[in-house]
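Colleague: Need a 3D model of the following:
(2 chains)
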Amino acid sequence: MTACGMNSAPVLSVRNVSLGFTDTTILAGVDLTLHPQEFVAIVGASGVGKSTLLRALAGLLSPQSGQVEIPTANTSDTRAWSMVFQAPRLFPWRKVRGNVELGLEGLSLSKAERRRRALEPLALVGLDELAERWPHTLSGGQQQRVGIARSLAVRPRVLFMDEPFSALDAITRRRLQQELIALRRRTEAAIVFVTHDIEEAVLLADRVMVLGNQETGQPARVVETLGVDLPLDERRDHPDFAPLVQRVEAIIGNY
Amino acid sequence: MIAGLSRAQRTLFSALGLIGFLLFWELSLRSGLLPGSLVPLPSTIPGVLWLEVLDGIWFDVVRSSLSHYSVGVLLGSSLGIIVGMSAALLPRFNAAHAWLARLLRPIPPLAWIPFAIIWFGINPSAAAFIISIGVFWINYFASYSAVYSVDPGYEEVARAFGQQRFLARLTKVSLPAAAPGILGGLRSGLGQGWMTVVAAELFGIPGIGQRMMEASSLLATDIVVVYMLTIAALYATFDFLFMLIQRRLLRWQP
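Modeller: Numbering: from 1, shown residues only, chains lettered A, B, ... in the order given. So this is what the prediction gives:
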């Protein structure tokens, strides 16, 4: 189902990226090419640099070396990328709709178009009724849905998600995972998804990229990238699902 | 919050406390426990206030004090907010002004009276200048710490959604996120302004302070009390009105 994106030009090209501070490198040699609608999950032990890598891919941090390329959006009413954070990080001084409009400000859209473009993704996550509410009146799961709507509103080519469900309770997390699976069909965006939950990675992604430290004191690397070739809808019940999760767990355990 | 009292009970006890105090005051004077030359009878105050109003004196002095107050508070608040926010947002400016601020901060507003007179003369500008100094520092520190402690996560959100320009970050993140702190500073500044307004007028600039000095030199303690209460009432009014504005602006808070 992702084959449709394979022929078009990549929306994200990462070549030999290293991350670190002045004289220490924490992560080295990352390569990644992503086409429209592809979904890659980045997993690894905590502290291995997953979130830092995500920020470098988005351009919020500069890599120590290597190249990250996200072709700029060729329309003036979209953005090349956007991000969903671990905490919803909604602006409490803006109503729900105002929060979703944040990324649309500065694009060439009239006020009415901006409003429509904000309500669209809100409806997609089932919250258009709450558009005029203050964020603090929403539950944690609803707030995170608004965060997702905010990132979809700019119609990004690449959507970065930084452990977006890790702060939610188990039931809400499961529901949002299902919603994300459904959402993938309705957006062109390629998704880079950081998580420490291996089951979640295997449940959602086409590819799982495992980061690990081969030797202590050495920078972390991509130790393996696994393709997940299971039907998206019933993965959890698929006989190959649990073995695949165990395999990824074993790989992480080795490093 | 004091436990065990309903709202009505609290109001009742507060009223009783105030009435009890006034009664005690009145009775100690009438019984000769306190000498009448030192404090006026509370029951005479309304009449004295009425006389001051009839003479037009009350309006005159309140009007001129209000004008010193508003100019001083406006000037001190706006400069304090601008300088405080700039210090929090611009590291170079912050470093450049840090020692100067540390040097000037401990100087009390009233210590500026000699310079106020030399620079402005005995006129309303001098009073406004002195008032503005105390108000400035309150707003400066409130704005500085409010902006400085804005969650950097919000900054990252702004950058992730294409709002990386200085002006966009200022108006979309720093100002609204720091608004509770900045407004809190403004409100304490409104109070601080009234504390200095009387002192600033003691050296002969027409206003409430000067009228109080006149009255005290004639031992007219009742007039002094009238103006003490006037200041209390003005402060309460300003504070109440500002609280309404503050609540409106911060209606997004839980």
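Colleague: how deep is the closest residue to A:Tyr255 other than its chain neighbours tucked in, by neighbour count?
Modeller: Distances taken as Cβ to Cβ, 6 or more residues apart in numbering or on different chains place A:Gly212 nearest to A:Tyr255, at 2.9 Å, with adjacent residues excluded. (C-beta placed from N, C-alpha, C; glycine too.) For A:Gly212, the neighbour count with other Cβ atoms under 10 Å in any protein chain shown is 18.
Colleague: and the residue nearest to A:Glu113 when sequence neighbours are not counted, how many neighbours does it have?
Modeller: Leaving aside its sequence neighbours, A:Glu113 sits nearest to A:Asp77 (Cβ to Cβ, 6+ apart; 7.7 Å). Counted by other Cβ under 10 Å, the residues lying close to A:Asp77 total 14.
Colleague: what about A:Asp77, which SS state?
Modeller: Classification of A:Asp77 using DSSP: H, G, I helix; E, B strand; the rest coil returns coil.
Colleague: Likewise for the one 5 residues further on?
Modeller: Classification of A:Ser82 by three-state DSSP places it in strand.
Colleague: Please give me every residue in contact with it.
Modeller: Counting by Cβ atoms under 8 Å, 6 or more residues apart in numbering or on different chains, A:Ser82 makes contact with A:Gly103, A:Arg150, A:Ser151, A:Leu152, A:Val154, A:Pro156, A:Leu159, A:Phe160, B:Ala160, B:Phe161.
Colleague: hang on, the earlier thing: starting from A:Leu104, give me the distance back to the residue nearest to A:Glu113.
Modeller: A:Asp77 is 8 Å from A:Leu104, where distance means Cβ to Cβ, to the nearest Å.
Colleague: go on, B:Ile82?
Modeller: Per Cβ to Cβ, B:Ile82 is found 30 Å from A:Leu104.
Colleague: Also B:Thr11?
Modeller: Per Cβ to Cβ, B:Thr11 is found 49 Å from A:Leu104.
Colleague: Same drill for these two, tell me which one is more crowded.
Modeller: A count of neighbours by other Cβ under 10 Å puts A:Leu104 above the other of B:Thr11 and A:Leu104, at 23 against 11.
Colleague: now the helices: where do they sit in the chain?
Modeller: Just going to use chain A. All helices of chain A, identified by DSSP state H, fall at A:3-6, A:50-58, A:96-101, A:111-124, A:140-153, A:170-184, A:198-204, A:241-254.
Colleague: Sorry, I should have been clearer: chain B.
Modeller: So, for chain B - with DSSP H - the helices run B:7-30, B:45-55, B:57-89, B:91-104, B:113-120, B:124-148, B:152-160, B:166-169, B:175-201, B:208-217, B:221-249.
Colleague: Let me see the mean pLDDT of the shortest one.
Modeller: Looking back up the chat, that one is helix B:166-169. Mean pLDDT, computed over helix B:166-169, is 93.
Colleague: Kindly report the same for the first one.
Modeller: Mean per-residue pLDDT for helix B:7-30: 93.
Colleague: could you check the angle helix B:45-55 makes with that helix?
Modeller: 90 degrees (axes from the mean of the first three to the mean of the last three Cα atoms, to 10 degrees).
Colleague: Contacts made by helix B:7-30 with the rest, please.
Modeller: With Cβ under 8 Å, 6+ apart as the test, helix B:7-30 has contacts from B:Ile2, B:Leu5, B:Leu33, B:Leu34, B:Gly36, B:Val39, B:Leu41, B:Pro42, B:Ser43.
Colleague: Let's have those in a markdown table, adding neighbour count and distance to chain A.
Modeller: What follows is the contacts of helix B:7-30, written out as a markdown table (neighbours: other Cβ atoms under 10 Å in any protein chain shown; distance: Cβ to the nearest Cβ, whole Å):
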| residue | neighbour count | distance to chain A |
| --- | --- | --- |
| B:Ile2 | 7 | 28 |
| B:Leu5 | 12 | 29 |
| B:Leu33 | 9 | 56 |
| B:Leu34 | 15 | 54 |
| B:Gly36 | 11 | 57 |
| B:Val39 | 15 | 50 |
| B:Leu41 | 17 | 52 |
| B:Pro42 | 16 | 47 |
| B:Ser43 | 12 | 50 |
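Colleague: so the residue nearest to A:Glu113 touches A:Leu107, yeah?
Modeller: Yes - between A:Asp77 and A:Leu107 there is a contact at 4.9 Å, judged by Cβ atoms under 8 Å.
Colleague: one step back: overlap in contacts of A:Asp77 and A:Leu104?
Modeller: The contact sets of A:Asp77 and A:Leu104 overlap at A:Arg117 (Cβ under 8 Å, 6+ apart).
Colleague: per-residue pLDDT, the closest residue to chain A within the stretch 51-200 of chain B?
Modeller: Nearest residue of the stretch 51-200 of chain B to chain A, counting by Cβ to the nearest Cβ: B:Phe161, 3.7 Å away. Looking at B:Phe161, its pLDDT reads 96.
Colleague: Output the set of residues of the stretch 1-150 of chain A in proximity to chain B.
Modeller: Proximity of the stretch 1-150 of chain A to chain B, by Cβ under 8 Å from any Cβ of the partner chain, involves residues A:58, A:60, A:79, A:82-83, A:85, A:87, A:89, A:91-95, A:102-103, A:105-107, A:134, A:136, A:150.
Colleague: tell me the contacts of B:Ile133?
Modeller: With contact set as Cβ under 8 Å, 6+ apart, B:Ile133 has these partners: B:Gly76, B:Pro109, B:Trp112, B:Thr196.
Colleague: Can you add neighbour count and give those back as a markdown table?
Modeller: Formatted as a markdown table, the contacts of B:Ile133 follow (neighbours: other Cβ atoms under 10 Å in any protein chain shown):
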| residue | neighbour count |
| --- | --- |
| B:Gly76 | 28 |
| B:Pro109 | 23 |
| B:Trp112 | 19 |
| B:Thr196 | 26 |
